[in-house]
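Peer 1: pasting a predicted model and its sequence here:
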Amino acid sequence: MSWRRSPHAKGSLVRRRILSVIAAAVAVAGTVFAATPAGAQPSPSGVQPNIVGGTPAPDGAYPFMVSLQAKDGEGTGYDRHGCGGSLIHPYLVLTAAHCVQGAKPEDLQVVVGTTVLSSNAGEKRDVAELKAHPKYQFPNYDVAVLVLKAPVTSVDAPLLPSRGTDALERPGTTARVIGWGNTIEQSHGNPGNGNRSFPDRLQQVDVPIVSRAECQVGNPDTKIDDTLVCAGVTHKDACQGDSGGPLMREATVDGRKVWFQIGIVSGGYGCAATGAPGYYSRIGNAEINDFIREFTG
Ligand code: ARG
């Protein structure tokens, strides 16, 4: 159809329309795909793209990665992608509360194990239930769990840190974030200054963990408390469209490489700007951990 733009075109009309419809719903209901405080990531339309400074992910590298999509959209998965997420159990997807607040389960579709959105590959599932953390107030406790109508089996879920631990969060160590968000840096004086390029293929980038004190200096308008973990460096960060996706550390357990998911993409002041690392919902936080484990058991 004529309105369908190539995945590599700058942005996508269809996608922008779908996201703004969802954003409007969210703004009213105070929901997911939208609502961000001024200065934080979401642009006025509620849409934010990206991974900045990364490289394309190889096919199949992150089988637990989820694209959270508008269910009744036109176009391909590229057009309908809204946020990231991760499959933490055959029936459960972890994402950011701001991605789904105000949305209804029937508005959403979960696609697991796709790398190239427009390929329409991956397992698609409907959402039975959507639960945000009871204390959610952006960007704190920005966590939601989606319960799927049918399971996705045979996927190795990322491991989650233990309740109350910060063992994998030493400042200066490297974590990885993945997503289909905007790949264009945004200066923090002017978040969402307009330039966007959404990749069709999943992107990955390694970012240094930043101490909360340093992160607070870089994000003066946000309360950087222990519900958040920060990561990022000039030219490398998550960005709009990456929200809900995983911040991870690789580890070797019993001779096998595994991923620990330590955070969920939440927000930032611009993207990849000097002095403004991104912030992530912190899975090691006791109350966030408890909320998730109520579902996973
Ligand atoms: N809130 C954004 C989203 O909805 C993610 C922003 C992440 N920004 C950053 N600089 N790390 O996709």
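Peer 2: Perfect, thanks for sending it.
Peer 1: CA only for contacts and neighbour counts going forward, please
Peer 2: Noted.
Peer 1: you'd agree T115 is up against V66?
Peer 2: No - with contact defined as C-alpha atoms under 8 Å, T115 does not count as touching V66 (9.3 Å).
Peer 1: quick one, which of the two is more surrounded?
Peer 2: V66 (30 against 27; other C-alpha atoms under 10 Å).
Peer 1: the residue nearest to S211 when sequence neighbours are not counted: what's it in contact with?
Peer 2: Closest residue in space to S211, ignoring its immediate chain neighbours: P171 at 5.3 Å, by C-alpha to C-alpha, 6 or more residues apart in numbering. Counting by C-alpha atoms under 8 Å, 6 or more residues apart in numbering, P171 touches 208-211.
Peer 1: now P171. Its backbone dihedrals?
Peer 2: Note on P171: backbone dihedrals following degrees, to the nearest 10 are phi -50, psi 140.
Peer 1: helices and strands of the protein: which one bottoms out on pLDDT?
Peer 2: One helix or strand of the chain scores below all others by mean pLDDT, DSSP states H and E: helix 13-29, with a mean of 35.
Peer 1: mind listing the strands the helix or strand that comes right after it pairs with, and their directions?
Peer 2: Where DSSP states H and E defines the elements, the next helix or strand beyond helix 13-29 is strand 51-52. If you go by DSSP bridges, strand 51-52 pairs up with strand 237-238 (antiparallel).
Peer 1: sorry, back to before: within reach of the ligand, which of the contacts of P171 are there?
Peer 2: Counting by C-alpha under 6 Å from any ligand atom, the subset of the contacts of P171 that neighbours the ligand is empty.
Peer 1: format those residues as a markdown table; extra columns: neighbour count, secondary structure and pLDDT.
Peer 2: As requested, those are exported to a markdown table (neighbours: other C-alpha atoms under 10 Å; DSSP: H, G, I helix; E, B strand; the rest coil; pLDDT from 0 to 100):
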| residue | neighbour count | secondary structure | pLDDT |
| --- | --- | --- | --- |
| P208 | 20 | strand | 98 |
| I209 | 24 | strand | 98 |
| V210 | 23 | strand | 98 |
| S211 | 17 | coil | 98 |
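Peer 1: show me the longest strand that occurs in this protein.
Peer 2: strand 256-267 (DSSP state E).
Peer 1: return the set of buried residues in that strand.
Peer 2: For strand 256-267, the neighbour count (16 or more other C-alpha atoms under 10 Å) marks 258-267 as buried.
Peer 1: in contact with A251, which residues are there?
Peer 2: A251 touches 257-260, counting by C-alpha under 8 Å, 6+ apart.
Peer 1: follow-up on the earlier one: looking at the buried residues of strand 256-267, which is nearest the ligand?
Peer 2: Nearest to the ligand among the buried residues of strand 256-267, counting by C-alpha to the nearest ligand atom, is G267 at 3.8 Å.
Peer 1: and that closest one, what are its bridge partners?
Peer 2: Y279.
Peer 1: please tell me I have it right and it contacts Y279.
Peer 2: Yes - if you go by C-alpha under 8 Å, G267 and Y279 touch, sitting 5.4 Å apart.
Peer 1: list the contacts of stretch 205-224.
Peer 2: Residues from elsewhere that reach stretch 205-224, judged by C-alpha under 8 Å, 6+ apart: 39, 51-55, 139, 169-178, 225-226, 229-233, 236-237, 268-269, 275-277.
Peer 1: derive a ChimeraX selection command for the buried subset of the residues you listed.
Peer 2: Selecting only the buried entries of the contacts of stretch 205-224 in ChimeraX, with 16+ other C-alpha under 10 Å as the criterion:
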select :39,51,52,53,54,139,169,174,175,176,177,178,226,229,230,231,232,233,236,237,268,269,275,276,277
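Peer 1: the contacts of stretch 205-224 also near the ligand: which ones?
Peer 2: Among the contacts of stretch 205-224, the residues lying close to the ligand (C-alpha under 6 Å from any ligand atom) are 237, 268-269.
Peer 1: pLDDT added to the residues you listed, as JSON lines?
Peer 2: As requested, those are exported to JSON lines (pLDDT from 0 to 100):
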{"residue": "D237", "pLDDT": "97"}
{"residue": "G268", "pLDDT": "94"}
{"residue": "Y269", "pLDDT": "92"}
